[in-house]
Every structure is written in structure tokens, then in C-alpha cells.
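Q: Okay, here's the prediction I keep looking at, along with the sequence it came from:
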Amino acid sequence: MADALTRGRRAPAPPSPLADLGPELRTYVRLAWTWTRAVAQYPMALSLFTFGITLASLAEMGAVVVVFAHAGTLAGFTVYEGLLVYALAAFSFGAAQLLTGSVDHLGDHIRTGSFDTMLVRPVSPLVQLAADQFSPRRFGRIVPAVVVLVFALVMCDIDWTAGRALMVPVLLASGVTICTSVWLIAGCLQFFATDAREAANSVTYGGQALTEYPIAIYGRGLVRSVTYVVPLAFVSWQPALHLLDRPDPTGLPEFLRFLGPVVAVVLALVASLVWRFGLRRYRSTGS
């Protein structure tokens with residue numbers, strides 16, 4: 001009889017693959033998956049959009065190659081070293097756009113009142129905003145960047161050590177964190193001016209265009225600004241100097257190339273504070 005009762009019991013459900021993730025991350029993954037399934041209902045459109053983004057990324061890479069082909073070297077960097085700088089920037093900004101690119105639509109949500117709806121749901125409004133309109137077509141920017149990055153790492157004259165090899169994923173994670181934080185801080189401008197999206201884009205997309213080339217080609221004031229004010233130099237320039245083990249032609253201290261993870265953590269904390277500050281000042285669309 002005991003065996004019959006045992007057989008009659010329902011087997012426990014297998015653990016969810018998201019069980020070990022934090023609640024906010026689980027929510028983000030579920031929302032992103034929901035948007036992905038919605039977009040996948042139109043496979044042809046998804047394929048064409050992804051292909052178009054990939055072509056745009058290849059065009060950007062081609063522009064880097066053309067510039068180096070005419071100039072020979074830029075700030076002492078060869079074409080392969082220039083592609084390393086480009087790939088680091090393209091991957092970091094591409095991943096940030098994939099994860100939080102929808103934040104720059106905050107002003108639209110405020111104007112239409114949909115942000116108020118996010119606030120009354122039992123889910124973090126930042127998670128909802130970041131996952132809004134999530135689309136796998138943005139992988140069309142990340143995949144070419146990864147391919148170029150691997151190619152550049154192979155072609156560049158890098159003295160590979162265990163420490164330097166282990167630093168590659170750390171530098172990539174730091175770059176993504178920095179770009180994501182910059183994206184969030186720039187998007188929060190729309191709490192105070194709902195039409196500030198273009199100003200935010202000048203920092204995000206403009207920052208990507210700037211960091212795709214060795215920043216030593218720019219003026220001293222701009223170099224210091226993207227190092228000490230908006231630390232975009234830690235996305236591609238300082239990591240490239242670390243991997244190539246070469247002196248900084250701009251004359252900045254050598255220890256800066258090791259501060260990428262520290263800058264990423266500090267900037268993430270700043271982005272969190274800016275988001276909380278903007279959220280506290282928000283008084284709904286009707287105010």
C-alpha cells in the first residue's frame with residue numbers, strides 16, 4: 001500500500017534554471033525572454049534587422065581599416081592594434097545597448113504616462129525599463145565585435161602571460177559595466193528634461209565613436225576629459241595599453257591601465273545614486 005501511495009504522488013518539479021539567480025535578475029531574464037519570443041514571431045523582419053545592424057558594424061570596422069590604410073599608423077598604433085581598440089569599444093557598447101539600451105527611451109515613457117505604470121508594478125522600474133523592447137537583433141553588433149576582437153588578439157604582438165590572459169574577461173566585464181553605467185546616467189537626464197534624449201545620445205553613441213580609435217589622436221583636453229570626467233578611456237584605450245604592454249603616448253600615469261575594474265564599480269555606484277535621485281524627484285506625468 002505504501003508503494004501505491006508513493007507511486008501516486010506527483011514527482012517534484014525540476015528546479016528552474018533561474019532559481020539560483022537573484023530576484024531582479026530573474027525578472028529581467030523573464031521580461032527579456034518574453035520580448036524575444038514576441039519578436040521571434042516575425043523571423044524575416046528579425047533576420048533583416050539583425051543583418052542590417054551587422055552591416056553597419058562592419059562598415060564602422062571598415063572605416064577604421066581605411067583610416068589606418070591611409071595613415072599607416074595612428075599614435076604609433078598599427079592597423080591590428082587599432083582593430084583591438086575598435087573591438088573593445090564595439091563589444092562594450094554593444095553589450096550595454098543590448099542590456100540597457102532602452103533606458104534612453106525614458107522620456108517617451110514619462111510623456112505617455114507608461115512610466116507611472118511601471119512604478120505601480122511589484123517589480124523594479126529600472127528592470128522593466130532596461131528590459132523594455134529587448135531584441136536579439138542587437139546581437140548583430142556584438143557578434144562581429146567578438147570576431148574582430150579574437151582576430152586582433154591573435155594578430156597583435158602580445159606577450160601572453162597567465163595574468164594577462166585572465167585579465168581579458170575582467171577588462172571586457174569592466175568595459176560593459178562602464179558603458180552600462182554611462183548609458184543609465186545619460187538616460188536619467190530625462191527625469192529633468194524629457195527631451196534630453198539627444199543630449200544623452202551624444203554621450204553614449206558619441207562616446208562609442210570616440211573610443212573606437214586610439215584616443216591619443218585627440219587633443220590633450222579631450223583625453224583628460226574621457227579619463228577623469230567621463231571615464232570612457234577605460235573602455236578600450238587603457239585596456240589596449242594593458243594588453244599590448246606599451247607606454248601611454250598621451251603621458252598619463254601608467255597605473256591607470258590597472259584601474260578599469262575599480263572605475264567600473266565606482267561608476268556603477270554613481271549610476272545607482274543618480275537613478276535613485278531622479279526617481280525621488282519624479283512627480284508623475286501629470287505634475
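A: Received it, and whenever you're ready, just let me know what you need. If you're wondering where the values come from, they're calculated on a predicted model, not measured in any experiment. Numbering: from 1, shown residues only.

Q: what about the most centrally placed residue in the chain, helix or strand, and which?
A: Nearest residue to the geometric centre of the chain (C-alpha atoms, centre = their mean): residue 96, 1.7 Å. In the assignment (DSSP states H and E), residue 96 maps to helix 79-100.

Q: helix or strand right after that helix?
A: helix 106-112.

Q: hey, where'd the helices end up in the stretch 51-200 of the chain?
A: Secondary structure of the stretch 51-200 of the chain (DSSP state H, counting those that start in this stretch): helices at 79-100, 106-112, 114-120, 125-131, 139-155, 162-187, 197-211.

Q: now for the third one, which elements pack on it?
A: Helix 114-120 is packed against helix 106-112, helix 125-131, with contacts defined by 3 or more C-beta pairs under 8 Å, 6 or more residues apart in numbering; DSSP states H and E. Any C-beta I mention is one placed from the backbone N, CA and C, and that applies to glycine too.

Q: ok now it, how far from the chain's centre?
A: How far helix 114-120 lies from its chain's middle: 25 Å, per C-alpha atoms, centre = their mean, to the nearest Å.

Q: Ok, the fourth one next?
A: Taking C-alpha atoms, centre = their mean, one finds helix 125-131 lying 15 Å from the centre of the chain it belongs to.

Q: Counting by contacts, list what it packs against.
A: Contact analysis of helix 125-131 by 3+ C-beta pairs under 8 Å, 6+ apart lists helix 23-39, helix 114-120 as its packing neighbours.

Q: Then the longest one?
A: Using 3+ C-beta pairs under 8 Å, 6+ apart as the contact criterion, the elements in contact with helix 162-187 are helix 79-100, helix 197-211, helix 237-244, helix 260-281.

Q: re the thing from before, using a markdown table, lay out the helices of the stretch 51-200 of the chain together with distance to residue 36 and mean pLDDT.
A: Below are these laid out as a markdown table (distance: least, C-beta to C-beta, whole Å; pLDDT from 0 to 100):
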| stretch | distance to residue 36 | mean pLDDT |
| --- | --- | --- |
| helix 79-100 | 11 | 93 |
| helix 106-112 | 20 | 87 |
| helix 114-120 | 20 | 90 |
| helix 125-131 | 10 | 92 |
| helix 139-155 | 11 | 93 |
| helix 162-187 | 19 | 92 |
| helix 197-211 | 23 | 82 |
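
Q: Point out the most buried one among those.
A: Mean neighbours per residue, mean count of other C-beta atoms under 10 Å, is largest over those for helix 79-100, with a mean of 24.

Q: Out of the helices and strands packed on helix 125-131, which is closest to residue 248?
A: helix 23-39 (36.6 Å; C-beta to C-beta).

Q: okay, the angle between the closest one and helix 79-100?
A: 100 degrees (axes from the mean of the first three to the mean of the last three C-alpha atoms, to 10 degrees).

Q: what packs against helix 23-39?
A: If contacts are counted by 3+ C-beta pairs under 8 Å, 6+ apart, helix 23-39 sits against helix 125-131.

Q: hang on, the earlier thing: could I get the contacting residues of the residue nearest to the centre of the chain?
A: For residue 96, the contacting residues are 176, 179, 180, 182, 183, 204, by C-beta atoms under 8 Å, 6 or more residues apart in numbering.

Q: which of those residues lies closest to residue 278?
A: Set against residue 278, the nearest of these by C-beta to C-beta is residue 183 (13.9 Å).

Q: isn't that closest one right up against residue 95?
A: No - Residue 183 is beyond contact range of residue 95, at 10.5 Å (criterion: C-beta atoms under 8 Å).

Q: about what we covered before: quick one: which of the helices of the stretch 51-200 of the chain is nearest residue 258?
A: Checking those against residue 258 by C-beta to C-beta gives helix 162-187 as the closest, at 9.0 Å.

Q: the inter-axis angle of that closest one versus helix 237-244?
A: 170 degrees.

Q: Make a markdown table from the helices and strands packed on helix 125-131 and add distance to residue 256 to it.
A: A markdown table is the format used below for the helices and strands packed on helix 125-131 (distance: least, C-beta to C-beta, whole Å):
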| stretch | distance to residue 256 |
| --- | --- |
| helix 23-39 | 31 |
| helix 114-120 | 38 |
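
Q: Residue 258: which of those helices is closest?
A: helix 23-39 (28.6 Å).

Q: got the buried residues for that closest one?
A: 26, 27, 28, 29, 31, 32, 35, 39 (16 or more other C-beta atoms under 10 Å).

Q: Next: stretch 227-234.
A: So stretch 227-234, judged by 16+ other C-beta under 10 Å, has buried residues 227, 230, 231, 232, 233, 234.
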